[in-house]
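Chemist: Just the structure for this:
(one chain, ligands or ions: 2)
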Amino acid sequence: MAPIRIAVTGAAGRMGRALLTAIHETDGCTIAGALERDGHGDIGADAGTLAGIGEMGVPVTSDALEVFAAVDAVLDFTAPDATVEFADLAAQARIVHVIGTTGFAPEHETRLEAASRHATLVRAGNMSLGVNLLTALTKRVAQALDTDWDIEIVEMHHRHKVDAPSGTALMLGEAAAAGRGVTLDDVSDRGRDGQTGARKTGDIGFAALRGGSVVGEHSAIFAAEKERIVLTHIAEDRSIFARGAVKAALWGQGKGPGNFDMLDVLGLSDF
Ligand SMILES: NC(=O)C1=CN([C@@H]2O[C@H](COP(=O)(O)OP(=O)(O)OC[C@H]3O[C@@H](n4cnc5c(N)ncnc54)[C@H](OP(=O)(O)O)[C@@H]3O)[C@@H](O)[C@H]2O)C=CC1
Ligand SMILES: O=C(O)C1=N[C@H](C(=O)O)C[C@H](O)C1
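Modeler: Ligands and ions are numbered 1, 2, ... in the order given. Okay, the predicted model is just below:
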């Protein structure tokens, strides 16, 4: 069978390079395109050389239209404004668009929903197996406990991260809210500062730490009188996200248009 042709957007970024490596290391797929925006210093560079895996004969280009027309799937870990444009191209080309980008606003969500009528979108704020299992566990624990247990989501990332709370923290918050049978927007408490007043029963709190080179650490904390449950995931290397994204690209082949997530890919939807 011919290998699945996969392109990477933001190819020179932290995740872009990890994604190129993961495609190269996975049987049944091949690096078929690498994108950066016009004027980027790495346009014309070889994608394999950029990722440190040896020359692949695939130059980095800014011609997204041409790349999307020539591949079966695109792995996209860039920024919300870029991702919605890429989703439109994926819809035109009717291909699989694996979206790892985080920090979307409601207007981005509307654009992605529209694109999913023609593209196969697989989206998750975290593509690692460990975090997706953690979200399933968080939902189950929240389901089992009442509001005597306060829920807090704490995350830490490297100093370059531009959005907060992280996409993963929001996934965990959504899972906890779903477990409790409430809507996250109604109970979410972000960014406490100053005279906040006492914690409201039933709230789900978020705290974001930034510093150094931390790849990603997340805890869902359930705190009651005199006891606490802490569910934690520690990402040690970006390859865990990249491997999940490649798995999603392969899983999405032949699925048809729609909105999917990593729980679908990993078969954890009913866990
Ligand atoms: N879901 C998951 O499992 C994970 C998600 N992420 C998410 O992935 C995203 C990227 O993270 P990371 O790799 O660390 O970030 P980087 O800044 O290292 O890389 C982002 C890349 O995207 C490019 N880019 C940004 N904006 C645009 C645009 N408008 N058009 C074209 N290219 C653009 C950047 O180019 P330029 O330098 O020119 O801006 C850069 O090459 C973040 O949203 C992050 O939260 C990260 C890890 C795991
Ligand atoms: O920006 C990052 O680095 C990461 N972003 C994702 C998020 O927002 O949760 C996933 C991972 O934690 C790394």
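
Chemist: Select the longest helix from the chain.
Modeler: For the chain, the helix reaching the highest residue count under DSSP state H is reported as helix 129-144.

Chemist: Close to ligand 2: what parts of the stretch 51-200 of the chain are there?
Modeler: T102, G125, N126, H157, K161, S166, G167, T168 (CB under 6 Å from any ligand atom). Any C-beta I mention is one placed from the backbone N, CA and C, and that applies to glycine too.

Chemist: Surely A178 and R140 touch.
Modeler: No: between A178 and R140 no contact is recorded; they are 10.3 Å apart, counting by CB atoms under 8 Å.

Chemist: Can you pick out the residue with more neighbours from these two?
Modeler: Set side by side, A178 and R140 show more neighbours around A178, with 16 against 13, by other CB atoms under 10 Å.

Chemist: how much space between the more buried one and ligand 1?
Modeler: Distance check for A178 against ligand 1: by CB to the nearest ligand atom, to the nearest Å, it reads 19 Å.

Chemist: same deal with A136?
Modeler: Look at A136 and ligand 1: by CB to the nearest ligand atom, they are 16 Å apart.

Chemist: how about that residue, what does it touch?
Modeler: The contact partners of A136, by CB atoms under 8 Å, 6 or more residues apart in numbering, come to A175, L263, L268, F271.

Chemist: Using ChimeraX, define a selection of the buried residues within these.
Modeler: Selecting the buried subset of the contacts of A136 in ChimeraX, with 16 or more other CB atoms under 10 Å as the burial test, is done by:
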select :175,263
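
Chemist: Restricted to helices, list the contacts of A136.
Modeler: Within these, residues falling in helices by DSSP H are A175, L263.

Chemist: and which of the contacts of A136 is nearest I229?
Modeler: A175 (14.3 Å; CB to CB).

Chemist: Looks like that closest one contacts T138 (just checking).
Modeler: Yes: shown here, A175 and T138 form a contact pair, counting by CB under 8 Å, at 4.4 Å.

Chemist: List the residues that are in contact with both of those two.
Modeler: Residues touching both A175 and T138 (CB under 8 Å, 6+ apart): A220.

Chemist: where do the strands sit along this protein?
Modeler: For the chain, the strands defined by DSSP state E occupy 4-8, 29-35, 60-61, 73-76, 96-99, 120-123, 150-157, 188-190, 204-210, 216-224, 227-235, 258-260.

Chemist: what's next to the shortest one, contact-wise?
Modeler: For strand 60-61, the surrounding residues in contact (CB under 8 Å, 6+ apart) are 11-12, 33-36, 40, 42-47, 50, 67.

Chemist: how does it look with 7 Å?
Modeler: Applying CB atoms under 7 Å, 6 or more residues apart in numbering, the external contacts of strand 60-61 come out as A11, A12, A34, L35, E36, D42, I43, G44, A45, A47, L50, V67.

Chemist: Give me the sheet partners of it and which way each runs.
Modeler: Strand pairing for strand 60-61, determined by DSSP bridges: strand 29-35 (parallel).

Chemist: and the angle from the strand it pairs with to strand 4-8?
Modeler: Direction vectors for strand 29-35 and strand 4-8, defined by axes from the mean of the first three to the mean of the last three CA atoms, to 10 degrees, enclose an angle of 30 degrees.
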